[in-house]
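A.B. asks: 3D model of this:
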Amino acid sequence: MTLKPAHLLAILLATAALPVVAQNLAVVNGKPVPSSRADTMVKQMAAQGQQDSPQLRAMVKEELINREILIQEADRLGLGTSPDVKNQLEIARQAIVIRALVGDYIKKNPVKEADLKAEYDKFKAQAGDKEYRARHILVEKEDEAKAIIAKLKGGAKFEDLAKQSKDPGSAANGGDLDWASPASFVKPFSDAMVALQKGQITETPVKTQFGYHVIKLEDVRAAKVPAFEEVKPQIAEQLQQQKLQAYQQELRKKAKIQ
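C.D. replies: Numbering: from 1, shown residues only. As a prediction, this is how the structure comes out:
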């Protein structure tokens with residue numbers, strides 16, 4: 001089969017036009033809506049759990065066409081030039097670009113496996129090999145704490161006296177602090193707690209920045225430290241945030257702020 005020159009020219013022109021057409025999702029009042037915009041929106045929606053499908057893309061196409069119609073009308077009315085809208089646009093632009101900067105930094109500066117393991121070992125050391133279940137009563141004045149200790153020695157129930165505690169999180173539960181490692185508490189509290197025997201109450205009030213505590217040790221058990229793989233995602237997130245904060249502080253130090 002031999003193509004005539006006129007037919008061949010028509011096919012070449014049509015073929016040449018295909019990429020241009022494919023670049024646009026639609027053309028609204030002469031203004032093209034690029035297909036890449038739809039790809040970006042679909043990617044964002046997929047990241048939020050929606051599945052990429054012909055139905056989703058059809059919906060996105062309609063949404064982008066509607067947006068283009070509305071933005072053209074807004075531009076016709078000059079709404080995009082108001083100071084408030086300009087400020088909002090700049091804030092949105094900053095958020096998007098900063099998110100890209102963060103993503104780029106994380107990609108180029110990933111948290112290393114050795115750092116994750118080192119942080120886990122540090123966490124294990126801080127947690128210790130024991131967990132303690134204690135009760136406490138928190139009051140403002142030392143004399144109040146001494147009076148409570150005297151009542152306990154006289155046979156009063158710790159749980160009943162704990163109702164007057166200034167710690168709202170434990171007062172209603174008889175002062176119960178549940179199982180925790182010593183590292184969970186401020187040092188004066190944890191030092192006094194670990195020095196107690198099971199069932200024993202502090203002989204003198206324990207002072208911290210929160211007030212005066214009367215502490216009772218209920219029980220002690222071997223610590224249940226989660227395996228490395230269980231807490232690895234949380235450690236990675238924590239170290240990643242630390243790296244980002246350090247990066248931001250470094251940039252701020254270099255910045256000229258007047």
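A.B. asks: ok, which stretches of this protein are helices?
C.D. replies: With helices called from DSSP state H, the chain shows them at 5-23, 35-47, 54-76, 83-108, 113-127, 142-153, 158-161, 168-171, 187-194, 228-254.
A.B. asks: and of those, who's closest to Ile215?
C.D. replies: Minimum separation from Ile215 across the helices of the chain (CB to CB) falls at helix 187-194, 5.5 Å. From N, CA and C alone the C-beta is placed, and that goes for glycine too.
A.B. asks: Save the helices of the chain as TSV, and put in distance to Lys216 and mean neighbour count too.
C.D. replies: Putting the helices of the chain into TSV (distance: least, CB to CB, whole Å; neighbours: other CB atoms under 10 Å) gives the following:
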stretch	distance to Lys216	mean neighbour count
helix 5-23	74	10
helix 35-47	50	14
helix 54-76	60	13
helix 83-108	47	10
helix 113-127	22	14
helix 142-153	8	16
helix 158-161	5	16
helix 168-171	12	14
helix 187-194	9	18
helix 228-254	31	12
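A.B. asks: and the closest residue to Ile148 other than its chain neighbours, what pLDDT?
C.D. replies: Closest residue to Ile148 apart from its sequence neighbours, by CB to CB, 6 or more residues apart in numbering: Val214 at 5.0 Å. Reported pLDDT at Val214 in the predicted model: 98.
A.B. asks: residues contacting Val214?
C.D. replies: By CB atoms under 8 Å, 6 or more residues apart in numbering, the contact set of Val214 is His136, Ile137, Val139, Ala145, Ile148, Ile149, Leu152, Ile201, Thr202, Pro205, Val206.
A.B. asks: cutoff 10 Å now
C.D. replies: Each residue near Val214 by CB atoms under 10 Å, 6 or more residues apart in numbering is listed here: 135-139, 144-149, 151-152, 158, 161-162, 165, 175, 192, 201-206.
A.B. asks: likewise Lys141?
C.D. replies: With contact set as CB under 10 Å, 6+ apart, Lys141 has these partners: Ala147, Pro205, Gly211, Tyr212.
A.B. asks: Likewise for Val186?
C.D. replies: When the contact criterion is CB under 10 Å, 6+ apart, the partners of Val186 are Val206, Thr208, Gln209, Phe210, His213.
A.B. asks: Of the residues you listed, which is the nearest to Asn87?
C.D. replies: When the contacts of Val186 are ranked by distance to Asn87 (CB to CB), Gln209 comes first, at 42.2 Å.
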